[in-house]
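Student: predicted structure and sequence below. I'll ask about it afterward.
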Amino acid sequence: MQATETQTGGCYCSAVRFAITAAPLVKGQCHCRACQHMAGGAPQYFLLVPPTGFAWTQGQPRTYTRQDIENAVTRYFCPDCGTQLVTVRQDNPAFVVKVGVLDDPSEFKPRVAICHAQAQSFHHVPDGIPVFDDLPTG
Ligand SMILES: [Zn+2]
Ligand SMILES: [Zn+2]
């Protein structure tokens, strides 16, 4: 994928749409329990996109941030169909875009697995990619 290539995506009902115009900083898969809640038990596949390279192009996502845990992420989702689209961490302004909502996810390859300490035995990690128990530091 070239840095200038635009990728588009949206929710299940197409009410909310977005465009990515920057090369992802990270391509990965997250095995945390929250991701398992959102992804039918699987890890979530994601692109970490710099904030300047992401734009909503149609509709208004709703957001949700848990108040009962520290440093909770903010989740952006379609108010109509509920599809989860993007997560933003409090300590990083980049957009964590879910690969499943891309119009063409077929070219995605995860390059890192994170939060693997919470993985289930049925999760799969591709051979040869780095695996972190938690988030990579630094
Ligand atoms: Zn929708
Ligand atoms: Zn996760």
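Tutor: Sure, I can see it. Ligands and ions are numbered 1, 2, ... in the order given.

Student: quick check: phi and psi on P105?
Tutor: Per-residue torsions, P105: phi -80, psi 0 (degrees, to the nearest 10).

Student: thought V73 was touching V88, still the case?
Tutor: Yes: between V88 and V73 there is a contact under C-beta atoms under 8 Å: 6.5 Å. For glycine as for every other residue, the C-beta is placed from the backbone atoms N, C-alpha and C.

Student: hey, what's in contact with both of those two?
Tutor: Counting by C-beta atoms under 8 Å, 6 or more residues apart in numbering, the contacts common to V88 and V73 are V96.

Student: what does this protein put close to ligand 2?
Tutor: Residues of the chain lying near ligand 2 by C-beta under 5 Å from the ion: 30, 32, 35.

Student: make it 8 Å
Tutor: Neighbours of ligand 2 within the chain, by C-beta under 8 Å from the ion: 30-36, 43-44, 114-115, 118.

Student: can you tell me which of those residues is closest to Q84?
Tutor: Of all these, Q84 sits closest to Q44, with 8.5 Å by C-beta to C-beta.
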